[in-house]
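*Asks:* coords please:
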Amino acid sequence: MKFVWYALFALPALGQSLSFEKLNSKVEASFRGLGVLNTKTAWVSGTGGTVLKTNDGGDTWENISVPNSSEVDFRDIEVFDKNNAIVMGISSPAKFYKTINGGKTWELVYLNVHKDVFFDGMSFWNKMNGIAFSDPVDGEHFLIKTKDGGRTWQKIPSNGIPKKLETEYGFAASGTGIPVFGNKTVWLGMGGIKSRVFKSVDGGLNWITIETPLVHGGESTGIYSLAFKNKKIGVAVGGDYTNQEILNTMVFTEDGGRTWYLPENKVHEYRECVTHFKGDIFIAVGPSGIDISKDNGKNWVIENRSIKNLTAIAFAKNSITGYAIGKNGSIFKVKAIN
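*Replies:* Below you'll find the predicted structure:
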């Protein structure tokens with residue numbers, strides 16, 4: 001049986017409202033991985049080795065958790081179709097699993113037992129080619145890539161990767177700190193002493209770095225999530241998970257990430273995930289609620305502060321329907337309505 005809780009909030013950018021329908025996951029896991037295939041099919045992943053999927057628009061959720069993985073925190077998931085998906089376990093040790101039969105069985109496709117490894121996110125350009133990044137290992141930024149749909153992974157040579165600053169790392173808040181575009185373009189969001197963006201146009205072999213004005217300087221400050229609507233226009237959000245009301249937690253770019261600017265109207269709160277909705281609209285979520293920009297990140301307004309502790313949000317392609325996830329087994333179906 002589905003527990004339904006509806007909330008309607010005005011969406012000024014659309015002249016519509018966003019509806020949030022709370023769904024019954026039947027688990028208490030903290031979710032951070034979200035893959036939306038279409039309006040009917042979505043997968044989520046989180047603590048305790050938990051993986052769930054729906055094929056009926058969220059009415060029911062099937063528990064397809066990876067066996068014997070209760071110690072693994074799956075903070076990212078990539079869904080290719082109704083049968084094929086990969087989940088990313090972050091550390092201690094880091095484990096990636098792949099299914100080709102809708103979660104009936106899982107195969108361990110990557111294992112890393114290094115004491116420093118802590119994966120922050122992964123993305124795929126297509127069904128075959130993907131990339132993932134970890135916090136620094138042995139003092140160097142650590143990235144891996146796959147050319148066979150995640151069946152095997154190889155370390156990217158360090159000679160083309162920027163040198164690590166004294167304190168610099170990524171954040172595994174929602175697995176969205178590594179967006180990709182086209183066939184080979186990829187960005188990374190970093191934090192620590194600086195809030196830098198790394199950009200590669202050759203599939204992750206060589207990178208440039210760009211400093212942003214997003215808040216930085218502390219161990220937990222920096223960029224937690226990025227989203228691009230095309231190769232030029234993008235938004236980055238973050239802040240400090242230990243200080244929910246810190247300033248300058250959002251920035252935007254209009255030149256593919258080579259320069260970044262603070263919005264004119266800001267929402268000074270920590271955000272864990274940003275997604276491009278449609279047109280010029282971006283949506284950001286975090287512990288205190290949801291924010292909206294209707295002009296590609298130049299200005300932000302508070303959307304609501306009733307729904308809290310969200311970690312990720314994503315919409316089906318070319319659709320007004322999506323899903324949001326959070327702590328304590330929270331899953332919402334999100335829809336823009338007239």
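*Asks:* So, low pLDDT: which residues of the stretch 201-338 of the chain?
*Replies:* 338 (pLDDT under 70).
*Asks:* Tell me which stretches of it form helices.
*Replies:* Read by DSSP state H, counting those that start in this stretch, the stretch 201-338 of the chain holds no helices at all.
*Asks:* Do you have the strands of it handy? List them.
*Replies:* Using DSSP state E, counting those that start in this stretch, the strands of the stretch 201-338 of the chain run over 208-211, 221-228, 234-240, 250-253, 273-278, 281-286, 289-293, 301-304, 310-315, 321-326, 331-337.
*Asks:* can you put those in a markdown table and add distance to Phe124 and mean neighbour count?
*Replies:* Placement of C-beta: from N, CA and C, glycine included. Output for the strands of the stretch 201-338 of the chain, formatted as a markdown table (distance: least, C-beta to C-beta, whole Å; neighbours: other C-beta atoms under 10 Å):
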| stretch | distance to Phe124 | mean neighbour count |
| --- | --- | --- |
| strand 208-211 | 22 | 14 |
| strand 221-228 | 15 | 27 |
| strand 234-240 | 18 | 28 |
| strand 250-253 | 22 | 25 |
| strand 273-278 | 17 | 24 |
| strand 281-286 | 22 | 26 |
| strand 289-293 | 26 | 23 |
| strand 301-304 | 29 | 17 |
| strand 310-315 | 14 | 25 |
| strand 321-326 | 19 | 24 |
| strand 331-337 | 23 | 20 |
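*Asks:* Just put these in TSV and tack on distance to Ile86.
*Replies:* Output for those, formatted as TSV (distance: least, C-beta to C-beta, whole Å):
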stretch	distance to Ile86
strand 208-211	28
strand 221-228	19
strand 234-240	24
strand 250-253	28
strand 273-278	19
strand 281-286	23
strand 289-293	28
strand 301-304	31
strand 310-315	16
strand 321-326	17
strand 331-337	20
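*Asks:* With respect to Tyr261, which of those lies nearest?
*Replies:* Among those, strand 250-253 comes nearest to Tyr261, with 5.9 Å by C-beta to C-beta.
*Asks:* from the chain's centre, how far out does that closest one sit?
*Replies:* Taking C-alpha atoms, centre = their mean, to the nearest Å, the mean C-alpha location of strand 250-253 is offset from the chain mean by 16 Å.
*Asks:* Give me the contact list for it.
*Replies:* Strand 250-253 is contacted by residues 195, 212-214, 232-237, 259-263, 266-267, 271, 274, 284, 293, 296-298, 300 when judged by C-beta atoms under 8 Å, 6 or more residues apart in numbering.
*Asks:* Just the buried residues from the residues you listed, in ChimeraX please.
*Replies:* The ChimeraX selection below is limited to those of the contacts of strand 250-253 classed as buried (16 or more other C-beta atoms under 10 Å):
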select :195,212,214,233,234,235,236,237,260,262,263,267,271,274,284,293,296,297,298,300
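*Asks:* so who does Ala312 touch?
*Replies:* 31-34, 174-176, 272-273, 285, 324-326.
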